[in-house]
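Undergrad: The following comprises the amino acid sequence and a computationally predicted model.
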Amino acid sequence: MFSLSSTVQPQVTVPLSHLINAFHTPKNTSVSLSGVSVSQKQHRDVVPEHEVPSSEPSLNLRDLGLSELKIGQIDQLVENLLPGFCKGKNISSHWHTSHVSAQSFFENKYVFIQSRGFKTLKSRTRRLQSTSERLAETQNIAPSFVKGFLLRDRGSDVESLDKLMKTKNIPEAHQDAFKTGFAEGFLKAQALTQKTNDSLRRTRLILFILLLFGIYGLLKNPFLSVRFRTTTGLDSAVDPVQMKNVTFEHVKGVEEAKQELQEVVEFLKNPQKFTILGGKLPKGILLVGPPGTGKTLLARAVAGEADVPFYYASGSEFDEMFVGVGASRIRNLFREAKANAPCVIFIDELDSVGGKRIESPMHPYSRQTINQLLAEMDGFKPNEGVIIIGATNFPEALDNALIRPGRFDMQVTVPRPDVKGRTEILKWYLNKIKFDQSVDPEIIARGTVGFSGAELENLVNQAALKAAVDGKEMVTMKELEFSKDKILMGPERRSVEIDNKNKTITAYHESGHAIIAYYTKDAMPINKATIMPRGPTLGHVSLLPENDRWNETRAQLLAQMDVSMGGRVAEELIFGTDHITTGASSDFDNATKIAKRMVTKFGMSEKLGVMTYSDTGKLSPETQSAIEQEIRILLRDSYERAKHILKTHAKEHKNLAEALLTYETLDAKEIQIVLEGKKLEVR
Ligand SMILES: Nc1ncnc2c1ncn2[C@@H]1O[C@H](COP(=O)(O)OP(=O)(O)OP(=O)(O)O)[C@@H](O)[C@H]1O
Ligand SMILES: [Zn+2]
């Protein structure tokens, strides 16, 4: 059994203490920023999870509609919104104990709000003003400048709070966060359009709203912890977020994906007509790609282009502790969607609800959830006009049932942008800030290989921040280069380190396969090995059957098993059992499949004899356990053989991995040269 590394689990909550710390270290704006943005979702699988003690109240960034917090936003959040958010939560004692510097700050607010008066509001507003002034002083920048510079308008998504509160599916425990998010979005929107005076009036209004909600929350649910949000989903209604404002125009550098999705848009515009004309569409579309490449954005754009409702759900939301909650959420979601077809249902992080790995004690009811999802997908006809778009970074981790025909049977790859795409994305985000004539996005694009859309957006924002901190009027190449380097080399660009680490792991993994194939008599000869990611896979070794007809003898099957094992064993030998990756577990699956076939189909087991067991379900428990036992033995032996070979040829293994790291792809001849200990010619 392999438990896949827990870092795959999305982590989008930010402990309040981080925000507070961020706020309390105005000098270290960048450091504290990264402390917060560590939890931004695009870093979720490369950054180790924060230790968020369950008693620690935390904010869910996604609920705020944010992928990261920017300096101005932190300021605003902490100053205006968190108190409303914390209201009614049993948190004050927490601040007493562990956050001394934050304690007084928060206690103040706490008392503030409890006085429930307009005077309080006024003084809070004044306080707000003074803080931005204070910040401005320490940074030597004008507050309005900071705002105009950094807070881009995403506020057009925001409708009236009343309406949204009614129509959005928000578990009770999330409502405060939602309100905060709303108010936050509101602030953002008005930051662009309003002058300070005006904005203060609005801020006051928001504070008032929050205050009311705060009191309401206190009366209703005084000790509801933020992270514990399990029981409230059962009866919640689901309603769409209409995304009229997001179109394909907003998604840059993923032309192929857009083209593939164009047909879906046509379908959604007029489902009946589309099907009458003989058009056929999958029910489910899987958007596959690394984090931050715009999968969510694309899904919204599909709905936006077709002008239909967009239902958002995140796989991790279904990850519930109580029986039936996830399943019932799915049911509600589909019921609402079907009633409002044509529409788009988007399920982000599909792997966290539909992954193979979720059958673990950590996720006791996920099987129910996934079954419900499957039942719902089977339960309507293609012409009903409901399109389900799922997003995942790990398609190989998905439950096979999900990708069968009639379910998520269309895959659209959303890759990291190439240089042209990066240029477009940079231009797009540059146009939202003030930048100097001399700025050449293409130069930056050339230096940012491997950056995702979200990272490029971040780069531009960081440059703007830098310019603001330096008291400049505009962003120049200097700031862009600075933030590029900072992201590339600074502590927060862990993804580069991780990318390098991943590359190394992949190199050892793939050379593990190659070494076994090379030194095992009956294995197929190697065709090539590569660590270049192709589609969603990190790397691969391809083998060539010698003859057209690959006659599978027992020895050949065993060799095949060993080759499969090689990748996993290599990871274990080099990096230790703690670091075995997803890719490695699929090797193990592979080997298991072969072993199973050998025992049950090919009669290749001594113990069970020459017979086939076609329907394993009908066998006696004894026979079944004998089969399992045999499979286990085959796997164990294969594992040992692979381990032995890799240990014996540790030096060759290392050489090959290093050659792969240098050349990325090696063909059969080159592999042989390396394994014979000769030098590869520089290509
Ligand atoms: N191709 C792109 N064009 C424009 N903006 C982009 C692009 N990719 C990412 N972004 C920016 O980054 C943000 C995050 O992207 P998004 O949430 O769509 O990524 P994702 O692929 O869904 O990531 P995840 O896998 O983490 O959910 C977007 O809201 C957008 O601001
Ligand atoms: Zn492998």
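TA: Okay, I see it. Residues are numbered from 1 along each chain as shown. Ligands and ions are numbered 1, 2, ... in the order given.
Undergrad: C-alpha from now on. contacts and neighbour counts both.
TA: OK.
Undergrad: Does the residue nearest to L661 when sequence neighbours are not counted lie in a helix or a strand, and which?
TA: Distances taken as C-alpha to C-alpha, 6 or more residues apart in numbering put A507 closest to L661, at 6.3 Å, once the chain neighbours are dropped. Assigned by DSSP states H and E, A507 belongs to helix 494-519.
Undergrad: I'd like to know how many residues surround the residue nearest to L661.
TA: A507 is flanked by 31 other residues according to other C-alpha atoms under 10 Å.
Undergrad: Please report how far it lies from S564.
TA: A507 sits at a distance of 15 Å from S564 (criterion: C-alpha to C-alpha, to the nearest Å).
Undergrad: before we move on, what about I594?
TA: Using C-alpha to C-alpha, I594 is found at 10 Å from S564.
Undergrad: who's more crowded, these two?
TA: Of the pair I594 and S564, S564 is the one with more neighbours under other C-alpha under 10 Å, namely 29 against 20.
Undergrad: and the host helix or strand of the more buried one, anywhere near ligand 2?
TA: Using DSSP H and E, the element containing S564 is helix 554-575. Yes - Helix 554-575 lies within reach of ligand 2 by C-alpha under 5 Å from the ion, at G567.
Undergrad: In that helix, which residues are buried?
TA: Under the neighbour-count criterion of 16 or more other C-alpha atoms under 10 Å, helix 554-575 has 556-573 buried.
Undergrad: What residues of the helix or strand just after that helix count as buried?
TA: Using DSSP H and E, the helix or strand that follows helix 554-575 in sequence is helix 582-600. For helix 582-600, the neighbour count (16+ other C-alpha under 10 Å) marks 582-588, 590-592, 594-600 as buried.
Undergrad: now helix 582-600: mean pLDDT?
TA: Helix 582-600 carries an average pLDDT of 82.
Undergrad: Next, the angle from the helix or strand that comes right after that helix to helix 554-575.
TA: Next along the chain after helix 582-600, taking DSSP H and E as the criterion, comes helix 621-648. Going by axes from the mean of the first three to the mean of the last three C-alpha atoms, to 10 degrees, helix 621-648 is angled at 60 degrees with respect to helix 554-575.
Undergrad: Okay, buried residues for the helix or strand following helix 621-648 please.
TA: Heading C-terminal from helix 621-648, the first helix or strand you meet, by DSSP H and E, is helix 650-663. Of the residues in helix 650-663, those buried by neighbour count under the rule 16+ other C-alpha under 10 Å are 650, 652-661.
Undergrad: Which residues does helix 650-663 contact?
TA: 503-504, 507-508, 510-512, 515, 529-531, 646, 666, 671, 674-675, 677 (C-alpha atoms under 8 Å, 6 or more residues apart in numbering).
Undergrad: Now do it, average pLDDT.
TA: 92.
Undergrad: got any ranges where the stretch 301-450 of the chain has weak pLDDT?
TA: Applying pLDDT under 70 to the stretch 301-450 of the chain picks out residues 318-324, 354-366, 382.
Undergrad: Residue of it nearest ligand 1, please.
TA: Among all residues of the stretch 301-450 of the chain, I425 sits closest to ligand 1, at 5.4 Å; criterion: C-alpha to the nearest ligand atom.
Undergrad: Kindly report the residues of the chain close to ligand 2.
TA: Counting by C-alpha under 5 Å from the ion, the chain sits next to ligand 2 at 567, 587.
Undergrad: Quick check: closest non-adjacent residue to the one residue in the chain that gets nearest to ligand 2.
TA: Among all residues of the chain, G567 sits closest to ligand 2, at 4.5 Å; criterion: C-alpha to the ion. The shortest distance from G567 to any non-neighbouring residue, by C-alpha to C-alpha, 6+ apart, is to H509 (4.3 Å).
Undergrad: Could you look up the SS state of I433?
TA: Assigned with DSSP: H, G, I helix; E, B strand; the rest coil, I433 falls in the coil class.
Undergrad: Quick check: the gap between it and L298.
TA: Counting by C-alpha to C-alpha - I433 and L298 are separated by 23 Å.
Undergrad: So those two - more neighbours on which side?
TA: Set I433 next to L298 and count neighbours by other C-alpha under 10 Å: L298 wins out with 25 against 19.
Undergrad: For my notes, confirm the more buried one occurs in a helix.
TA: Yes - assessed with three-state DSSP, L298 lies in a helix.
Undergrad: mean confidence score for the helix holding S564?
TA: If you average the pLDDT values across helix 554-575, you get 91.
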